[in-house]
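J.: just need the structure, nothing else, for what follows:
(chains A and B)
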2 protein chains.
Amino acid sequence: MRVLGINLPYADEAVRNDLTAMAEKAGFEARFYDDATLKTEGAADCEVFFGKMPSSQLKSCAALKWFQCSFAGVDDYCDEALYPSPEVMLTNSAGAYGITISEHMVCSLLMMMRNMPKYGDMQKVRGWNRAGEMRSIYGSTIAVLGMGDIGSNFARRVKALGAYEVRGIRRVAHKGMPEGFDKVFATEDLDEALKGADVLGICLPATSETQHILDERRMALLNAGAYVLNVGRGSAIDQVALKKMLDCGHLAGAGIDVTVPEPLPQDDPLWEAQNLLLTPHVSGNMSLSHTRRFITDMFKENFALYLKGEPLKYLVDRKAGY
Amino acid sequence: MRVLGINLPYADEAVRNDLTAMAEKAGFEARFYDDATLKTEGAADCEVFFGKMPSSQLKSCAALKWFQCSFAGVDDYCDEALYPSPEVMLTNSAGAYGITISEHMVCSLLMMMRNMPKYGDMQKVRGWNRAGEMRSIYGSTIAVLGMGDIGSNFARRVKALGAYEVRGIRRVAHKGMPEGFDKVFATEDLDEALKGADVLGICLPATSETQHILDERRMALLNAGAYVLNVGRGSAIDQVALKKMLDCGHLAGAGIDVTVPEPLPQDDPLWEAQNLLLTPHVSGNMSLSHTRRFITDMFKENFALYLKGEPLKYLVDRKAGY
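T.: Next comes the predicted model:
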């Protein structure tokens, strides 16, 4: 019997029943794993696998034809040598995280603009004073580096909140103007896009091209008092330069959900940077029920295509790295 | 010479020159005060006054025909006995605060939904763990009590962020459906509007009708795990009931920018309520340059109407209290 392996930490009774029924209708056995059983039992006879699997285990999946991971960032899954065969298709769930991660970005940005960490400290001592100047998304010029699902969701949100100009930057500039963006730049014109920006939101995968794409020179191109957000991969930012530009005040704040490495070591100097808002890689938190629903729906949609032998959606280009 | 008195703490050279030119063109002298000079010199010969003036000083303004205050909440300015004559017109700047206060509301709501105060504590000890379940504006049912400038701006924002249903509640329900709202209720149907809501945002003036409009019984009508926001006047909420409903967990959080009294005394039990996000009446912070510009523009617009003898905008109904 053809086997569909599933490892979804959040799968409750309803999700399991739903996926089991879908599999049986197609002549598949749905086999549910957790992290521990996946490690001990292996998934050698799974033709399709959905959810989480350590990249080191892929090689042992002799029957594997298609792996749809439940996460978005596949930088650890792009080495061809990890796979039992180059024919194995890798798809991801990049489209499922745009809502929750873009809400995190809006939240972090407003918190920094409105001095909310200072008001949090004040509340602890029962103080009642103003904590200095405030800024606003309304009227701001906002650059969004990476125009995938997350970047597009963020752009639509800040535009709806009254941003003056939303600039998108992506590898290929000539794909039209998605909703929420006012201008689109190619990556080679990134410097131009940063000049005069009050906010830079980074939503990039980790690839050789995105490594330290935001370095000290580029931070200096942003407006004095600009804010930086990073929710993609920590490697996009030169963290030494980030601390320097925060401490000297050129950057008014940085909302960072991803670092190099993770967890950030307790003695890393970045912890001491001024006006840093650091969260431990939680912006795509799976506890949002709609995120979980999207992930399952995206797999079901793809499973139907797979059965028909049609091209899959969300296919990862392992050479490009996303 | 006719005198225009002005007391605007934020007025810089450009604003002063702008208002002086406007006044002179109309045959007025523009006289600038600060809080101290207004107290010592008085404003007895000002025909028009713009900005801040203690309510106790109104009576001494013998020549006063019109006072445009630079703030929104006029609960301390509605007693007819404060005025040298019942003919004195009072206008406010209620329309200038919608953007900044609605950004504060979105910020506070997302912070609570995403456990950001807990992540702030975690950052202080350089921790790296998940802080529990997250919620989302996307998909939420949100009730907005008060559909003036602030409530409408908040409604538009949460709708753009993907709220499932935005319900507005106002004194008169039959004025059409402003942008951002899906349903409108009259105040007498408030209970109906609260049932099934995940979020209640309160943007009300302080009047006898709004006193403790959110009491324990009505908090219980909200969904379990609901969030409450208050940016109008503290008197709208029964604070004893609020602490009780936060501590028992029926409310998952409350973002409160206004209290009774202000500042909230250091020994007030409300400080110890669970999941309270308290800010010291700063949501309308004047340091936002566009807020300042709006306030000045609204006055200039009204001054032109005044010169022509036409009805003023933003006129306060002192009997109604707003």
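
J.: which ones are touching the spatially most central residue of chain A?
T.: In chain A, the C-alpha nearest the mean C-alpha coordinate belongs to A:Gly232, at 4.4 Å (C-alpha atoms, centre = their mean). A:Gly232 is in contact with A:Gly73, A:Gly146, A:Ile150, A:Ile202, A:Cys203, A:Leu204, A:Pro205, A:Ala206, A:Thr210, A:Val258, counting by C-beta atoms under 8 Å, 6 or more residues apart in numbering or on different chains. All C-beta spots, glycine's among them, are computed from the backbone N, C-alpha and C.

J.: give me the element the first one is part of.
T.: In this structure, A:Gly73 sits in neither a helix nor a strand according to DSSP states H and E.

J.: with the third one instead?
T.: Using DSSP H and E, A:Ile150 sits in helix A:149-160.

J.: next helix or strand past that helix?
T.: Downstream of helix A:149-160 (by DSSP H and E), the next one is strand A:165-170.

J.: in that next one, what's buried?
T.: Applying a neighbour-count criterion of 16 or more other C-beta atoms under 10 Å in any protein chain shown, the buried positions in strand A:165-170 are A:Glu165, A:Val166, A:Arg167, A:Gly168, A:Ile169, A:Arg170.

J.: ok, stretch A:95-109 next?
T.: Here stretch A:95-109 shows A:95-109 as buried, counting by 16+ other C-beta under 10 Å.

J.: report the rounded mean pLDDT for it.
T.: For stretch A:95-109, mean pLDDT is 94.

J.: got the buried residues for stretch A:9-22?
T.: For stretch A:9-22, burial by neighbour count (16+ other C-beta under 10 Å) applies to A:Ala11, A:Val15, A:Leu19, A:Thr20, A:Met22.

J.: which residues touch the first one?
T.: This points to A:Ala11. A:Leu19, A:Phe32.

J.: confirm it sits in a strand?
T.: No - counting by DSSP: H, G, I helix; E, B strand; the rest coil, A:Ala11 is not found in a strand; it is coil.

J.: and it, how far from chain B?
T.: 16 Å (C-beta to the nearest C-beta, to the nearest Å).

J.: what's the answer for A:Glu103, then?
T.: Distance, A:Glu103 to chain B, by C-beta to the nearest C-beta: 6 Å.

J.: helix, strand, or coil at that residue?
T.: helix.

J.: check A:Ala252 too.
T.: Using three-state DSSP, the structure places A:Ala252 in strand.

J.: find me the pLDDT at the residue lying closest to it once chain neighbours are set aside, would you?
T.: Spatial nearest neighbour of A:Ala252, excluding adjacent residues (C-beta to C-beta, 6 or more residues apart in numbering or on different chains): A:Gly225 at 4.4 Å. The model reports A:Gly225 with a pLDDT of 97.

J.: next, A:Gly225: phi, psi?
T.: phi 80, psi 20 (degrees, to the nearest 10).

J.: give me the neighbour count for A:Cys203.
T.: A:Cys203 sits with 29 neighbouring residues when counted by other C-beta atoms under 10 Å in any protein chain shown.

J.: show me what whatever helix or strand A:Leu277 lives in is in contact with.
T.: Assigned by DSSP H and E, A:Leu277 falls within strand A:276-278. For strand A:276-278, contacts defined as C-beta under 8 Å, 6+ apart pick out A:108, A:111-112, A:117, A:246, A:253-257, A:259, A:264, A:270-271, B:123.

J.: let's see that with 10 Å instead.
T.: A:107-109, A:111-112, A:116-117, A:227-229, A:242-243, A:246-247, A:251, A:253-259, A:264, A:270-271, B:116, B:119-120, B:122-123, B:126, B:128 (C-beta atoms under 10 Å, 6 or more residues apart in numbering or on different chains).

J.: quick one: strands adjacent to that strand?
T.: Applying DSSP bridges, strand A:276-278 is found paired with strand A:251-256 (parallel).

J.: show the contacting residues for A:Met298.
T.: Contacts of A:Met298 (C-beta under 10 Å, 6+ apart): A:Phe50, A:Gln68, A:Ser70, A:Thr91, A:Asn92, A:Ser93, A:Ala94, A:Gly95, A:Ala96, A:Lys313, A:Tyr314.

J.: ranges for the helices of chain A?
T.: Secondary structure of chain A by DSSP state H: the helices cover A:13-25, A:35-41, A:98-113, A:116-124, A:149-160, A:190-194, A:216-221, A:239-247, A:289-307.

J.: where are the low-confidence patches of the stretch 201-322 of chain A?
T.: The stretch 201-322 of chain A contains residues with pLDDT under 70 at A:286-288.

J.: circling back: name the nearest of the contacts of A:Met298 relative to chain B.
T.: Nearest to chain B out of the contacts of A:Met298 is A:Ala96 (C-beta to the nearest C-beta; 12.3 Å).

J.: contacts only, for that closest one.
T.: For A:Ala96, the contacting residues are A:70-72, A:149, A:284, A:286, A:288, A:290-299, A:314, by C-beta under 10 Å, 6+ apart.

J.: same check on A:Ser93?
T.: A:50-51, A:68-72, A:74, A:149, A:284, A:291, A:294-296, A:298-299, A:302, A:314.

J.: one more time with 7 Å
T.: Contacts for A:Ser93 (C-beta atoms under 7 Å, 6 or more residues apart in numbering or on different chains) come out as A:Cys69, A:Ser70, A:Phe71, A:Ala72, A:Ile295, A:Met298, A:Tyr314.

J.: right, and the last one touches A:Asn92 too?
T.: Yes - between A:Tyr314 and A:Asn92 there is a contact under C-beta atoms under 7 Å: 5.5 Å.

J.: the more surrounded of those two?
T.: A:Asn92 (22 against 19).

J.: just to revisit the earlier point, for PyMOL, what selects the buried ones among the contacts of strand A:276-278?
T.: Buried residues among the contacts of strand A:276-278 (16+ other C-beta under 10 Å), as a PyMOL selection:
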select buried, (chain A and resi 107+108+109+111+112+116+117+227+228+229+242+243+246+251+253+254+255+256+257+258+259+264+270+271) or (chain B and resi 116+119+120+122+123+126+128)
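
J.: gap between the residue of the stretch 201-322 of chain A found nearest chain B and A:Leu315?
T.: Shortest the stretch 201-322 of chain A-to-chain B distance, computed as C-beta to the nearest C-beta: residue-wise this is A:Pro263, at 3.5 Å. According to C-beta to C-beta, to the nearest Å, A:Pro263 and A:Leu315 sit 31 Å apart.

J.: what does A:Phe32 give?
T.: 25 Å.

J.: give me the more crowded residue out of these two.
T.: Each of A:Phe32 and A:Leu315 has its neighbours counted (other C-beta under 10 Å); A:Phe32 has more, 17 against 14.

J.: tell me what the more buried one is bridged to.
T.: Bridge pairing for A:Phe32 - DSSP bridges - gives A:Ile6.
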